[in-house]
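1. Build me a model from this:
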Amino acid sequence: MTTLRPPRLDRVLAFIVFGLVWIGTGISLATVAFVPGASARVFVLVVGTAFVAGGLWTTIRLGRVAVHLSHDALRYDGFLVSWTAPRAGISAVLDDALVEWHDASGAEHRRQIWMLTSAWRDDGTIFAPLWRWRREALLEVRRWAGAPAV
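-> Here you go, the predicted model:
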């Protein structure tokens, strides 16, 4: 089994954004609901709670984010959802990290590997190595599946 994970820098940045910024923003919003004379207390409390819950969920899942390539299936464990595609059913792995496959019943599926979507193009700048790993991992998934880019 091959496991593709984001580099350490990406995981640290995701922890900062989801763990510190989202949860901190949620706590700040939720505390506003308890200020005397504040308007829209329930709304601010609900929004703050949603930020904290979303930040906790993604921070907890951060350690699991990966693409697992076993001998018979591709398993994607993402921030929000996870899914599995049978290797024999994969018909295409597109450049925007979409995987198309047919399951055992013949139904067609199309899901995106969000971890491998290219936020930036490899333009040769000093920051290119920070996102170049995504393209390399996508090409590895494509080679493993034996699927065309279409």
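
2. Buried residues, the helix or strand containing residue 85. List them.
-> Assigned by DSSP states H and E, residue 85 belongs to strand 82-86. When burial is assessed from 16 or more other Cβ atoms under 10 Å, strand 82-86 yields the following buried residues: residue 85. The C-beta positions use only the backbone N, C-alpha and C, and glycine is treated the same way.

3. How about stretch 107-117?
-> 111, 113, 115, 116.

4. For residue 101, state which of the residues you listed is nearest.
-> Residue 101 lies nearest to residue 111 out of these, by Cβ to Cβ, at 8.4 Å.

5. Now that closest one: phi and psi?
-> Dihedral pair for residue 111: phi -130, psi 160, per degrees, to the nearest 10.

6. Check whether it really touches residue 103, as I assumed.
-> No. With contacts counted by Cβ atoms under 8 Å, residue 111 stays clear of residue 103, the gap being 11.7 Å.

7. Which other helices and strands does the worst-scoring helix or strand of the chain on mean pLDDT contact?
-> The helix or strand of the chain with the lowest confidence, counting by mean pLDDT, DSSP states H and E, is helix 8-14 at a mean of 84. Helix 8-14 sits against no helix or strand, with contacts defined as 3 or more Cβ pairs under 8 Å, 6 or more residues apart in numbering; DSSP states H and E.

8. can you list the domains in this protein?
-> 2-63, 68-145 (automatic domain parsing).

9. Could you check how far the longest one is from the centre of its chain?
-> For domain 68-145, the separation from the chain centroid amounts to 11 Å (computed by Cα atoms, centre = their mean, to the nearest Å).
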